[in-house]
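# 3D model of this:
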Amino acid sequence: MTDDSSAGNRLSRLSDVLADTDARLRQGEAGALRPWPTGFEPLDGILSGGLRPGELTLLGGPQGLGKTTFALQLARQILRQGSPVLYVSYEHDAVNLLERLLTAEAGERAGRDAVPLRDVRALIEGDGSAASLSDKLAETPGGADALAGISSDLNRMHVLRGGVATTVADIEAAAVAVTRDAGREPLIVVDYVQKVATDLAQADEELRMARVAGQLKDLALTLGAPVFAISASDAVGIAGGTRLRTEHLRGASALAYEADCVLVLNEKFDVVARHHLVYGSANADRFRNWAVLSVEKNRGGISAVDLEFLKRFDQARFERVGQLVVEQLVDSRVFTD
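Numbers count the residues shown, from 1 in each chain. Coordinates of the predicted model:
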């Protein structure tokens, strides 16, 4: 086997790769090859187990439909499994992320009666009392259990507050620091990808996204960790009359090319065929409570699959167990008054 380290290239014989793989399996060291479960079903089954090390996954969707919510629930699942997370946030500060994590944890533990996000936010941002956060949460449904359940895991949750000059190189430096601290590679979440700074600031969006997406994919491969990036949609994707698809993401061509997996969120009411709405207002109201998550690209398994998850946005979460969409979906949004 030839190894040209100076050029950054490595030439391998597959017979050696087979032998190395077999040796790792015999020694119980195949963990680095296993997928990282998202904690959402049946999504993990569709993804053949979850996110894969060395791969870039993209999540798109309209504004306000829970992309950050989904990403934080994914992060929580990874923490629960004992792995670290690097959350690169260009939109939300660390306190905001903490509020959401605590609220979602309470909801998952105590159900619909658990403390809502607005109350957790009020307690954290200050209610005029000198009580500790644990004392305040102890008086809310599910709050004490949530804090107790998540506290030890938060030591592995690292937040990099992104700014106008934060590049993929900065993300990589933070990921290396987390790896050194935790002893293993983190899940890297980028919220959101169009905010990542590049040296092509004056170029059009496709060129900038080609640079950023390529660098994020290289980062995933170099670290052997999954990278999960949130994408904003363009004006066409946001406008009424269109079901959001991969091509409606900003810098779509470059992002879709580099990504190993592309997930897209839509409001179910907006994309379900009209004949499902006209047979009673109850159906229309019910559809508003669900988000459709479409697997539009999946190099590791099947794609063109539409799943639906119940929204619990007052508790900063989705229900983790969803289902396949059985209704007909359309590319045109349908509005009925």
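# where along this protein do the helices fall?
For the chain, helices defined by DSSP state H occupy the ranges 14-26, 43-46, 67-80, 94-110, 117-125, 133-138, 143-151, 168-182, 205-223, 235-238, 252-258, 268-271, 281-287.
# now the fifth one against helix 94-110, angle please.
The reference is to helix 117-125. Angular relation of helix 117-125 and helix 94-110 on a 0 to 180 degree scale: 130 degrees, by axes from the mean of the first three to the mean of the last three CA atoms, to 10 degrees.
# sorry, back to before: any chance of the helices of the chain in TSV, plus distance to residue 34?
Glycine gets a C-beta too; all of them are placed from N, C-alpha and C. As requested, those are exported to TSV (distance: least, CB to CB, whole Å):
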stretch	distance to residue 34
helix 14-26	11
helix 43-46	12
helix 67-80	13
helix 94-110	24
helix 117-125	33
helix 133-138	35
helix 143-151	24
helix 168-182	17
helix 205-223	15
helix 235-238	34
helix 252-258	23
helix 268-271	32
helix 281-287	36
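# quick one: end-to-end distance for stretch 197-214.
From its first residue to its last, stretch 197-214 covers 13 Å (CA to CA, to the nearest Å).
# go through the helices of the chain and find the least confident stretch.
Between the helices of the chain, the one with the least mean pLDDT is helix 235-238; it has a mean of 62.
# could you dump the helices of the chain to JSON lines with distance to residue 307 and mean neighbour count?
Converted to JSON lines, those look like this (distance: least, CB to CB, whole Å; neighbours: other CB atoms under 10 Å):
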{"stretch": "helix 14-26", "distance to residue 307": "32", "mean neighbour count": "11"}
{"stretch": "helix 43-46", "distance to residue 307": "6", "mean neighbour count": "19"}
{"stretch": "helix 67-80", "distance to residue 307": "12", "mean neighbour count": "23"}
{"stretch": "helix 94-110", "distance to residue 307": "19", "mean neighbour count": "22"}
{"stretch": "helix 117-125", "distance to residue 307": "24", "mean neighbour count": "17"}
{"stretch": "helix 133-138", "distance to residue 307": "32", "mean neighbour count": "16"}
{"stretch": "helix 143-151", "distance to residue 307": "26", "mean neighbour count": "18"}
{"stretch": "helix 168-182", "distance to residue 307": "29", "mean neighbour count": "17"}
{"stretch": "helix 205-223", "distance to residue 307": "24", "mean neighbour count": "19"}
{"stretch": "helix 235-238", "distance to residue 307": "20", "mean neighbour count": "14"}
{"stretch": "helix 252-258", "distance to residue 307": "19", "mean neighbour count": "19"}
{"stretch": "helix 268-271", "distance to residue 307": "11", "mean neighbour count": "22"}
{"stretch": "helix 281-287", "distance to residue 307": "15", "mean neighbour count": "13"}
